[in-house]
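Student: Test case, fold it:
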Amino acid sequence: MSWGISLTALAISSSFLFSAVPSFAESLKAEDYRVLSTKEIGLSLNSVDNLIKEGDAFFLKEDFASARKKFDKARDMSKLLLGFYSDLSSSFKGLDLRIPREMDSNSRKVLSSLSEANLRLASLFRKTNKSALAVPLLVEVVRISNPSSPKGQLAYQQLFELGFVNTPFLERDKRL
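Tutor: Reported below is the predicted structural model:
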């Protein structure tokens, strides 16, 4: 019995010895783990928006090849993010409604950025006399943005200007 008490006392006293050693979880801040929420890392809405801005800068310098690479990369990243947000949203449906709501909100923001990248790339193609390449991009903008939204109307107007469609879109008030 005395061995049991001695062993217990030893175990308790040794635990005090090691309690002063900091654990790994305590030494790192939560911000250290949230690396994708920073502007510098590549898998976020901020990165998509930065790619579009960089593409705009190249476009203004008439470096169309570099601008196209940036716009294409913004489109690719947008589509990747949309897939991830959709997967997460459907995975959490029925479990925690906050997560699907957040993912759906993120998806709407990414769709807006995708529309911007498509419009910029379509403008680049029109500027470089490759208007046929602009058509699928503009159709995608109408589809994802809604024809009555400003981006959708702009895309459809460009399709009309290119001669891809013959009927101009008139807003509801102008049709009456």
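Student: make it CA atoms for all contacts and neighbour counts henceforth
Tutor: Noted.
Student: Report pLDDT for residue 142.
Tutor: You'll see residue 142 listed with a pLDDT of 92.
Student: err, residue 111, not the other one
Tutor: Residue 111 is assigned 92 on the pLDDT scale.
Student: change the start of the numbering to 19 and stick with it
Tutor: Happy to do that; since the first residue is 19 now, the last one works out to residue 129.
Student: How about the contacts made by it?
Tutor: When contacts are counted by C-alpha atoms under 8 Å, 6 or more residues apart in numbering, residue 129 touches 96, 100, 162, 163.
Student: What is the burial count for the first one?
Tutor: Pointing back at residue 96 there. If you count neighbours by other C-alpha atoms under 10 Å, residue 96 ends up with 27.
Student: I figured it hits residue 66, correct?
Tutor: Yes: the criterion here is C-alpha atoms under 8 Å, and residue 96 meets it with residue 66 at 6.7 Å.
Student: just to revisit the earlier point, which of the contacts of residue 129 fall within helices?
Tutor: Among these, DSSP state H puts 96, 100, 162, 163 in helices.
Student: list the contacts for the residue sitting nearest the centre point of the chain?
Tutor: By C-alpha atoms, centre = their mean, the mean C-alpha position of the chain lies nearest to residue 63, the distance being 3.5 Å. Contact analysis of residue 63 by C-alpha under 8 Å, 6+ apart lists 96, 127, 128, 131.
Student: quick one, what contacts the closest residue to residue 149 other than its chain neighbours?
Tutor: Leaving aside its chain neighbours, residue 149 sits nearest to residue 143 (5.5 Å; criterion: C-alpha to C-alpha, 6 or more residues apart in numbering). Shown in contact with residue 143 (C-alpha under 8 Å, 6+ apart): 149, 151, 152.
Student: How many residues are close by the last one?
Tutor: Spelled out, that is residue 152. Neighbourhood size, residue 152 [other C-alpha under 10 Å]: 23.
Student: sorry, back to before: sec struct for the residue nearest to residue 149, please.
Tutor: The three-state assignment at residue 143 reads helix, by DSSP: H, G, I helix; E, B strand; the rest coil.
Student: nearest spatial neighbour of residue 66, skipping sequence neighbours?
Tutor: Counting by C-alpha to C-alpha, 6+ apart, residue 66 lies nearest to residue 92, which is 5.0 Å off, once chain neighbours are set aside.
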